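Asker: after the sequence you'll find the predicted model.
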Amino acid sequence: MAKKYIGIDIGSTASKVCVLEEGKEPVYEVLPTGWNSKITAGIIREKLEEKFGDISDAEIVATGYGRISVEYADKVITEISCHGRGGYEMRGQDCTIIDIGGQDTKYINVVNGKPVDFLMNDKCAAGTGKFIEVMANRLGLTIEELFELAEIGNPIAISSLCTVFAESEVINYMGEGRSREDLAAGVIDSVALKVATLVQRKELQDTVIITGGFSNNEFFAGLLGKKINRKVDAMPLGRYAGAYGAALLAGEKSA
């Protein structure tokens with residue numbers, strides 16, 4: 001039986017899994033992280049064993065916010081290395097990766113599959129997935145609906161760097177009777193602006209891709225591209241870049 005290589009990326013809001021086996025297409029899974037990463041890691045093991053049987057012989061690499069909670073992993077590797085490796089393989093060339101996670105945003109410059117430079121913003125949630133989630137809830141929308149309305153709205157400036165103060169701004173605009181379309185556009189525009197402010201301080205390659213939960217959103221990729229004056233490619237499987245990179249590194253570490 002071919003050996004399995006498993007990457008587990010336990011993020012702050014979602015956990016992703018990638019299983020690689022010679023001669024087969026990668027298998028991807030995603031589930032909410034929940035309040036306890038250790039419990040989530042246990043659920044992941046149960047799901048893996050339901051689908052693949054005993055995984056004790058598999059090579060397993062854990063990454064992400066809750067990586068130390070995966071007690072059955074053979075190795076723990078940083079998000080930077082795993083996202084860099086996974087994003088590089090998904091795009092098939094040297095690239096700059098912008099990873100928009102639940103609690104942080106990362107810039108990773110990748111050459112020959114290895115990060116050569118990186119920068120992480122984890123001090124402000126206003127440029128992250130959590131900010132979008134909070135604002136969607138405030139507007140009574142799903143995240144998908146928020147993006148749909150943002151595409152047809154005219155963005156209202158949301159200047160606060162703090163999620164709490166930004167939410168207050170949105171509440172004030174709601175009290176003024178501003179449309180949800182314009183508020184949604186303002187929320188998404190403010191996230192793109194904050195991400196652009198982070199990455200504009202660094203060198204960008206000709207190829208720029210997005211990973212993370214919104215990586216497959218063409219609208220957001222286009223908006224971000226305008227702000228950094230560079231084409232930004234949406235990646236359909238970009239949310240799995242960390243797990244995929246971890247699985248690839250599991251195979252390389254065992255070779």
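Answerer: Perfect, I can see it now.
Asker: number of nearby residues for Lys227?
Answerer: Applying other Cβ atoms under 10 Å, we find 17 residues neighbouring Lys227. For the C-beta atoms, the positions are set from N, CA and C on the backbone; glycine is no exception.
Asker: so what's it up against?
Answerer: For Lys227, the contact set (Cβ atoms under 8 Å, 6 or more residues apart in numbering) comprises 192-193, 195-196.
Asker: farthest-apart pair in those, please.
Answerer: Leu193 and Val195 (7.4 Å; Cβ to Cβ).
Asker: give me the more crowded residue out of these two.
Answerer: Val195 (25 against 19).
Asker: that one sits in which helix or strand?
Answerer: In the assignment (DSSP states H and E), Val195 maps to helix 180-199.
Asker: that helix - what's its average pLDDT?
Answerer: Averaged over helix 180-199, pLDDT sits at 90.
Asker: pull the distance from it to the chain's centre.
Answerer: Remark: helix 180-199 is offset 16 Å from the chain centroid, using Cα atoms, centre = their mean, to the nearest Å.
Asker: swap in stretch 212-220?
Answerer: 9 Å.
Asker: buried residues, it. List them.
Answerer: Buried residues in stretch 212-220, counting neighbours by 16 or more other Cβ atoms under 10 Å, are found at 212-215, 217, 220.
Asker: contacting residues around it?
Answerer: 13-14, 99-102, 129, 132, 147, 150-151, 188, 191-192, 209-210, 234-239, 241.
Asker: now with 6 Å, please.
Answerer: For stretch 212-220, the external contacting residues (Cβ atoms under 6 Å, 6 or more residues apart in numbering) are 99-101, 129, 151, 234-236, 238-239.
Asker: mind putting those residues in CSV, pLDDT, neighbour count and secondary structure included?
Answerer: As requested, those are arranged in CSV below (pLDDT from 0 to 100; neighbours: other Cβ atoms under 10 Å; DSSP: H, G, I helix; E, B strand; the rest coil):
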residue, pLDDT, neighbour count, secondary structure
Asp99, 91, 29, strand
Ile100, 87, 26, strand
Gly101, 83, 26, coil
Gly129, 75, 23, helix
Glu151, 95, 16, helix
Ala234, 94, 18, coil
Met235, 94, 22, coil
Pro236, 93, 10, coil
Gly238, 94, 29, helix
Arg239, 94, 25, helix
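Asker: all good on my end, thank you.
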